[in-house]
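Q: following is a predicted model, sequence given first.
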Amino acid sequence: MFNLILFGPPGSGKGTQSEKLIEKFGLKHLSTGDLLRGEIAAQTALGLEAKKLMDQGQLVPDEVVVGMIRSALENNPQAKGFLFDGFPRTKEQSVALDKLLSEKSAAINVVLALDVTEDELIKRLLNRGLTSGRTDDVNEEIIKNRIAEYHKKTSAVADHYKQFDKVVHVKGEGSVDDIFGALSGEIEKRNN
Ligand SMILES: Nc1ncnc2c1ncn2[C@@H]1O[C@H](COP(=O)(O)OP(=O)(O)O)[C@@H](O)[C@H]1O
Ligand SMILES: [Mg+2]
């Protein structure tokens, strides 16, 4: 199995690049944001709880997202690898993910971190908000909350994987195709 985390702040291009990477490398895309938005659309109890937090730019509790990932791993026993997008978002989620993968005799092979300046993130998210229908994208204050949550809680995920020498930084500004080329090159170095 080859498992990768596509890491970076909100608006760094994880979703955009994930679509291209899963196609090229035959990985299963697991985006906790997409899974949660699916729960909201289906109006489940979990979705209704999650929406309140997401609309404030806050993280959903670790147990909830780890549970969704556990089910997704169980439901895809044949996958040749997973691309995690928007997960893990806390140190605790990282530890839980490593444990779930170790039960499958697997591990995270690489963390690809997209680097984008804060001004560019805000610009992209406000722009995405014009068409995405995402209620967390419309207001600059909520966007700033999300970026602050990222610095406060999610940057610990990179620190966790750095101790295993698994983090590679890639410039997340420039054309979508150039960034895709850089990410693909890093995967090819490790996936053979
Ligand atoms: N290389 C890029 N240059 C400019 N805009 C981009 C680039 N990659 C993605 N975007 C735009 O930025 C926004 C956020 O991208 P997205 O893939 O949804 O990020 P994330 O999943 O990390 O939040 C989207 O509106 C997307 O169209
Ligand atoms: Mg996304």
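A: Cool, got the structure. Ligands and ions are numbered 1, 2, ... in the order given.

Q: got the confidence number for the residue of the chain found nearest ligand 2?
A: Ligand 2 sits closest to residue 15 of the chain, with a gap of 3.5 Å, by CB to the ion. C-beta: built from backbone N, CA, C; applies to glycine. With respect to pLDDT, residue 15 has a value of 97.

Q: cool, residue 192 as well?
A: Note for residue 192: predicted pLDDT of 70.

Q: ok, residue 176 touching residue 18?
A: No - counting by CB atoms under 8 Å, residue 176 sits too far from residue 18 to count as a contact (11.8 Å).

Q: between these two, who's got more neighbours?
A: Taking neighbours as other CB atoms under 10 Å, residue 176 and residue 18 compare with residue 18 leading, 22 against 11.

Q: pLDDT value on the most centrally placed residue in the chain, please?
A: Using CA atoms, centre = their mean, the residue of the chain that lies closest to the mean C-alpha position is residue 86, 1.8 Å off. If you check residue 86, the pLDDT there is 95.

Q: OK, contacts around it?
A: 14, 31-34 (CB atoms under 8 Å, 6 or more residues apart in numbering).

Q: if we can go back for a sec, work out for me the element the residue of the chain closest to ligand 2 sits within.
A: Using DSSP states H and E, the element containing residue 15 is helix 14-25.

Q: got it, and residue 168?
A: Using DSSP H and E, residue 168 falls in strand 167-171.

Q: could I have that strand exported to PDB, CA atoms only?
A: Taking C-alpha atoms only, strand 167-171 is exported to PDB below (Å, rounded to 0.1, in the frame of the first residue of the first chain):
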ATOM      1  CA  VAL A 167       7.300  15.700   5.400                       C
ATOM      2  CA  VAL A 168       8.100  17.300   2.000                       C
ATOM      3  CA  HIS A 169       7.200  20.900   1.400                       C
ATOM      4  CA  VAL A 170       5.900  21.900  -2.100                       C
ATOM      5  CA  LYS A 171       5.200  25.400  -3.300                       C
END
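
Q: buried stuff in stretch 120-134?
A: 121-122, 124-125, 128-129 (16 or more other CB atoms under 10 Å).

Q: show me which residues of the chain sit near ligand 1.
A: 8, 10-16, 124, 127-128, 176, 179 (CB under 6 Å from any ligand atom).
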